[in-house]
Each structure stands twice: as C-alpha cells, then as structure tokens.
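>>> sequence unknown, structure follows:
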C-alpha cells in the first residue's frame, strides 16, 4: 500500500482516538464537578466502553499492520509525523500486552475507586476504600509485569510517567534530599516558629476567594478564553487541547492560601498545555511530555514564583484592599513570611516548600513496598502514620487527613508521586538558567510574568512531546543535580 | 447464525452506541455551561467524530445484516427486545439514506451554528447568523427529501419529532386554536390589564433566585441525586439516563418568574426522564417517546400546576419569607393574578399561558414557508416582525428579542415548535382524566405533588418509548381534542 494512503488512515485513526479520549476527559471532569451523585455507576460503564473503542482503534490487526509499515517507512517522513508514529507505537506496545477485557475492567475500577475514595474520605472510613485500593495495586502490578516481565514492576510504573526514570535514580535522589532536607527543615521550622500567620488563618469568605482566583489567573497570564476554573475536593488539571484546559481548586474558608497556591500550581500545569505549538495540537504529540516536566512547571509557578518575596510584593496591594480589614496590619514582607512558614503538617497539598518532599518520600516508600508485596493495603494506614511520625514528627489523627488525602492511588496514578519531588528539583535548575538571562525577581515584582512565560514557552511548552523528558531537561539545564535545589532552599529558608 | 449470538452482538452494539451518544450529550451540556469560549471549534470536530462512529455502528454491512436477521426472528423475542429492534430499525432507515460525509458535516454545522447563534443574539446581529440558518434549513430539507422523497419535507420533519403528525393535523389544530384563542386572549388581556405586577418586576438577587430554584425542584419532587441544575442563555433539559438528567435555567434579576417557570418547565421534562422504568434504562427504549409528549409534561407542570391558584398558595409562604420585604403587601391570590397576567409580549419562553400558542403559530408558519421555499432566510426578520404585529399586536424592537430568541433552529430542531402547542393541549386532557380520579387542586394545595407524579409515572413515564406517542396518549385520554384545552383556558382566564 502506498505511503500516502497509510498516512491518511493513520490520521483518521488518530482523529477518532483523539475524539474518544477527549470525550472521556470531559466526562471525567464533568463527573468530578457537576454530575449528579447517582450517575457514577453508568459513568463507569460509559468510560469503559469509550476506552474499549479507543483500544480497538490501535490494536486491530489492520492498525497493527499499518503501524508496522509506517515504522519501516519512517525515514521518509517529516519529524512531526515521525514522532506521532513513534509515540503511538510506544503506546501500542504498552497496551498491546494487556488483554482488552482486563483493560476495560481496569477503566471501570478506576471510576468506581474514585467514587468510593471520595465517600471514604468524607466518612473517614479507610475500610470502605481498602478493597478497591488493593485491587488497584494488584491491577497495576499485573499490568507492569505484562508490559516488562523481567523488570521491577515499580520501575515500569515510574517509567510510565517519566520515560527512563529508574528506582535507582529515585533512591539516590531521595537519599540526597533526605540528607540535606532533614537538618534544613529543622532549622527552617525553628526559624519560622515565631511567625504569626493568624492573619491568613481566619475567615476569608469563599466568594472573595473566588475573586482572588480570578485575579491570580490573570496575574500569571492564563488565557481565560481557553482555560476555566472548577471546584473539586482535590485540585487537578485536565487538558483537552490548547483551546480547552480546565483547572480546579478547593476553597477552605479559613485557609485562603490553600486555594491560592492550588490555583497557581494548577495554573502552571495549564500554562504548559496552553503553550503547546499550534501544529501539534490535536495530534498525540500535543500535550505535556511527562509528569516530572509537568510538575516542574506547576511547582515552579507555585513555589519559586508564588512563594517569592517579589510575588508577595506584586499581589499584596490587591489582597490588602479586597480582603480588608484582614491584612491591614500586614506588609508584603510579613505576608511572605506567613506563606513561607516551615512547619511539618498533615497534608501534602498544603505543605510548605521545604517539608513537601518529605510527604512525597512517605508515598514513594509506601507505594514501592505495596507493589513489591512487602506491605499489605490492610496495614497501610498504620505504616502511613508511622512514617509521618518518623519523617515529619507528627501524629496523624484520622485517615481522612492521612492515607485518604490524595486521589492519586484511586485514580491509578501509582509511580506518579516521585515526579512532584523531581519536578521541584528541576525548578531550581530552571531558575539558575533563567537568572543568567534576566533578573527574574525584577520581572515578578513588576508583574511582567509574561517574560517568564515566554522563556518557558520557547524552551519547553511549544515542544509538546517532540522530545523525551530527559533530553528536553538536559538541553536546557544539563544533568539533574538535586544539590541545586537544596542550595536554593537553604538560601531562601535559612 | 443462531439468535442468541445475534442478540449478544446487538446488545454490544447498542451499548457502544449508548456510550457515544451519552458522551456527545455530556460534551454538549459542558459546552453550553462551563467550557472555555475558544473550545467551540474543536468541540464541533469531536462531536462530528463521535457521531460518525455512532453512525458506522448501525450502518456497517454486518450491522444491517444483523438487524435484518433479527427482524425476521422478532416474533420469538420478548416485547422489550422486539421494541429495541423496531426502534433501531426505524432509526437506521431514517439515517441510512443520508451519506455519512453529509451527516458528519451536519453535526459540525449544528455545533457551529449554535455558537454563532449565541454570538449573534448577544450582538443583535442577525446577518452574522443568517448564512448558518440558511444552510441549516437547506440541510434539513435535503435530509427530509432523502428520507421520504415523495412527501412534503416539512411533514417529514414534523414526523421526526412526533411519529405520525401531519401538516393537515397541524393546520386544523392551529386553525381551531386561532379561532378560539384570538377572542379569548383579547378578553383575558383586557381583564388582567389592571393587574399590578410591580412586586415581581423589581430586583430579586440572583443568589436568592438560586435558592428559589432549589426549593421549586424539591417541591415538584425532583430527585437531586439524579438531577442537577445549570445556567445557560436559554433553558433546556438533557437526559443521559434515569440516573443523570440535567436541566438549566437563566436568571434575570428583575424577572424572578422567568427562571421560576423555566425551572418548573424543564423540571417537568426531567420528571419524565427520571421516571422511566429501570429495565428500559441504557437501552434505546429508555427515554421520552416524543416531543409533544415531552412538552405535555413540561407544560403541564409549568402551567396547569405551576400557574394554578393552589400552587401559588403552596409556595407563597416560602416566597414571602425569603424574598421579604418584596411580597409583604401581597397574597397568594394577588401573586396568582400576577403570574397569570395575560399580555402580548416578545418572548415565547416568558409568554403567558394564553398567548403562548400565538408565539408557536408564528414559528410554525415561518418554518413551514422556509422549508417550502416560499420564504428566504434573508427576509425572515421582516416576516417575523410582521407576524408578531399581526397575531400579537406588538412591535419587535430588535432581532435579539425577535427572530434570534430561540436556539431551536440553530440546533436543527425544525418542526419541533408545534409540539409545544400540541403538548399544551394534551395537558388539559390529562387534567380532565386526573380529575375523574382525585382532586388535583387539593393535592397541589397540600404539597402532595407526589400523587400527580405517581399518576404520570404509572400512565406515561415508566413506558419510555415502548408505545408510539399517539397510541400512548389515546390510551389515557382518547383522541386529541383541542377544545378541551380552549375550554380549560376560558374557564381559567375569563
């Protein structure tokens, strides 16, 4: 068959697959924001059907034959088409080993597990969720072993989120962070013990916080015609195309900083997706390349920008006026001290920049043991609580505030957590590079976030998945070096 | 092939089709409520892809073969399965005559036309919308002629919404209404000229109106775990299954009755869908049977219940307390007079019960002429305005308040409008039947709407599409008799 015909078929198939995945994404977003409570079961069935169709599109004998022929002819194709074929081949190889019925079951499990997790968290009832969590870990382990029978299944899961990431790299990475972070966190916590943050732990009406979200989204330069904000139990970002990105937040009356930093964090994810080059959108290359690169954006905007003195100076006048009289006695400097207060706490999403990676380490260690079979889901809450005591020095009063706090495991995101920490470390290296070119803090202080956005757009966003994550990062910053990150923290917090 | 295998394939195909249609419905709802503005173009492409897949599921050679074999074996099947096959066959025959490319184009046109209509309405710019409207009428006429080459294409469109409805029936129906309604409307308008409705044409904060919506939804017995309320430019109902029905409303600060009756109207549609029997849901029999039957429910709840003295007595105490001091000087009786005020006006959705059918008549006459080719879309606004002057005696000040007010034509719902009037007439006949069994007004007054809901559930809702609409209606009320409706209006308004 001639190449032109093959390419047309490939594009028709990609288009259909794109439509099915886009539909699933909207159904997922709808299910988490507005859908009626009792619609969950049917939604699970529907998502199962859509994923079955998507699966069949790439795994039918004709599709497999076509992909093989295109791979043989790939030297004659342009770089974008070559990459599209390469990524689809990878994806196909990843799912081809999974029997279709098991995959459909898995998608249903994912939806149900998410609903049960929500209920369990509400009721503080880990036992309700435990069977689903057990099944989820068993399923993901089985899938990992089907994919790479001779590999550590946890490493296979890591690789699914971050191509090329190994357990060894993670172990070394966390060992380095632990060595530097434990004393650093103690020192920083001691230093900020005297910080009184009562001005941002009193009642901030949700209606005002919603206005604050709008202000923040405008401040960091999100195009509101292409990006909306919803409200969910746990904040997340869903991207469909560069013309439709959704972020969510959760408002807590007495913790305005919680939603503030969720909006900036998810806003960082959104900026990445909104900045993909036009020619990549609606192809399988048109999206963020990996979880760590994605988190490196969200954590950069949240912490390196959002928790800088310059950013506090930028937004403080708006806050003081809108939230009056709550901040009347404060200054940008005192506000900055509050949002950079270091204090071991229960929740990852609300953790300070220094102890944050300790939260990730707990999850890394536990999920690795769960996959290895060294830990049973029944014993998970006790182990969770033990590690929180050991690493963060605190007691976990309930599973809702402990092991049930994150949606990731319910949503099959096992092996995802390390990317948060690696992404944070990447951020410090971006900052160092950026500083060689312009004064980042002057830009932030004057509200010229657009300059920072342009830097990222040029170096990261526009490429979508054209480059693998390691290649992309090293082309900008050289090899990963966690000491750049710990140096950054040391300078900022000690 | 043995029958069991055929049935399994049929069910697998029905399930896939259900998933695709459900996905399209959610994307449509999402697009009308929360999606970012610039997502419209991609959404159109996605809906086009999903409908192409759905189309191929029923029109592939194997599917056609299967349907033929099942039709031959249908005497051996249970009534539900027989009906599922019958309805799919009908649907297939309706679309089989349309080339797939044209159908995909049509779905895209529908999405774009809807977006352009919104913009045109906002900007009062009919010229912006006119090319899309022209294309929509041409497309629908072409489809009608492809379906039934020897029939009046407008009658084919009517039949698409209401199986068996003819132009002759409609002409006779509207002639009868016109004869009785013109003097009746004049008399009723004269009688209510003195009614002062300033107490419900002042500012009612949207936040309070939202609470009112919740109260109304609870009052008419909508299960909030299966039914949500959204906000859109023009209210509508979308049903996915009996576990997920969405209604929408639009709040106008100075017209609380507008949203009030939208909620009750759409709530009537929702009650119908929520009341479908369990065994029908997720099959192609699991939905309301026709537009007139659907409108007979929504218009019954809106007008016959919602605009009754008894209903005003029921809800007035809540309103008086919540909306204080706006209704302090009013009584249930004076409130009832306000919401039954007869006055020729511009907008169909806000028209009183008596003049409402005159609005429908304008649309009926115009769409019939547009399809016949006796009227060009370029001349439509002038004709619209002329008929509003002739039938309702009023001048139309802008196209936004005139020809651009309804979304129906943008959404391809041509031939739909008559169902509103026929549905209204059906309602009066239900009331007469219901009154033979129990005192409807006593039920309403005491808040026992459940008794009315149970009557409908038993006689209409649970059947879904098991019976054709004419058969269903006649089994309850005998033949359609518009004089029952005009008698009802005469008694209530004169």
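Perfect, I can see it now. All values reported here derive from a predicted model rather than from experimental measurement. Numbers count the residues shown, from 1 in each chain, chains lettered A, B, ... in the order given.

>>> does residue A:165 sit in a helix, a strand or a coil?
The three-state assignment at residue A:165 reads coil, by DSSP: H, G, I helix; E, B strand; the rest coil.

>>> wait, residue A:399
Three-state secondary structure (criterion: three-state DSSP) places residue A:399 in coil.

>>> quick one: it and residue A:122 touch, right?
No - no contact is recorded between residue A:399 and residue A:122 when judged using CB atoms under 8 Å, the distance being 11.5 Å. For the C-beta atoms, the positions are set from N, CA and C on the backbone; glycine is no exception.

>>> show me what the longest helix along chain A is packed against.
Counting by DSSP state H, the longest helix found in chain A is helix A:3-33. Under the contact criterion of 3 or more CB pairs under 8 Å, 6 or more residues apart in numbering or on different chains; DSSP states H and E, the helices and strands touching helix A:3-33 comprise helix A:40-59, helix A:61-72, helix A:79-96, strand A:227-231, strand A:237-241, strand A:244-249, helix B:3-33, helix B:40-59.

>>> ok, the residue in the stretch 201-350 of chain A positioned nearest to chain B - how many residues close by?
With CB to the nearest CB as the measure, the residue in the stretch 201-350 of chain A that lies nearest chain B is residue A:244; the distance is 3.6 Å. Look at residue A:244: counted by other CB atoms under 10 Å in any protein chain shown, it has 28 neighbours.

>>> per-residue confidence at it?
The model reports residue A:244 with a pLDDT of 95.

>>> for residue A:240, same thing?
88.

>>> OK, contacts around the closest residue to it other than its chain neighbours?
Among residues not flanking residue A:240 along the chain, residue A:22 sits closest, at 5.0 Å (CB to CB, 6 or more residues apart in numbering or on different chains). Residue A:22 sits next to A:240, A:241, B:42, B:46 when contact means CB atoms under 8 Å, 6 or more residues apart in numbering or on different chains.

>>> the residue nearest the centre of chain A: which element?
Within chain A, the residue whose C-alpha comes closest to the C-alpha centroid is residue A:295; the distance, by CA atoms, centre = their mean, is 5.2 Å. Assignment of secondary structure by DSSP states H and E places residue A:295 within helix A:291-299.

>>> looking at the helices and strands packed on helix A:3-33, which is buried most?
Mean neighbour counts were compared across these using mean count of other CB atoms under 10 Å in any protein chain shown; the top stretch is strand A:244-249, at a mean of 26.

>>> what's the angle from the very next helix or strand once past that one to strand A:244-249?
Proceeding C-terminally, strand A:244-249 gives way to helix A:256-274 as the next helix or strand, assigned by DSSP H and E. Taking axes from the mean of the first three to the mean of the last three CA atoms, to 10 degrees, helix A:256-274 and strand A:244-249 form an angle of 160 degrees between their directions.

>>> which strands or helices does helix A:256-274 pack on?
helix A:206-219, strand A:227-231, strand A:237-241, strand A:244-249, helix A:291-299, helix A:332-339, helix A:449-459.

>>> in its sheet, which strands sit next to the third one, and in what direction?
Right, the one you point to is strand A:237-241. Strand partners for strand A:237-241, identified by DSSP bridges, are recorded as strand A:244-249 (antiparallel).

>>> follow-up on the earlier one: hang on, the residue of the stretch 201-350 of chain A closest to chain B packs against residue B:34?
No - taking contact to mean CB under 8 Å, the distance of 10.4 Å between residue A:244 and residue B:34 leaves them out of contact.

>>> how is chain A carved up into domains?
Dividing chain A into domains by automatic domain parsing, as the record does, gives the ranges A:3-96, A:167-493.

>>> now distance to residue A:358 too, for the helices and strands packed on helix A:256-274, in CSV please.
As requested, those are exported to CSV (distance: least, CB to CB, whole Å):
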stretch, distance to residue A:358
helix A:206-219, 27
strand A:227-231, 28
strand A:237-241, 24
strand A:244-249, 24
helix A:291-299, 15
helix A:332-339, 19
helix A:449-459, 27
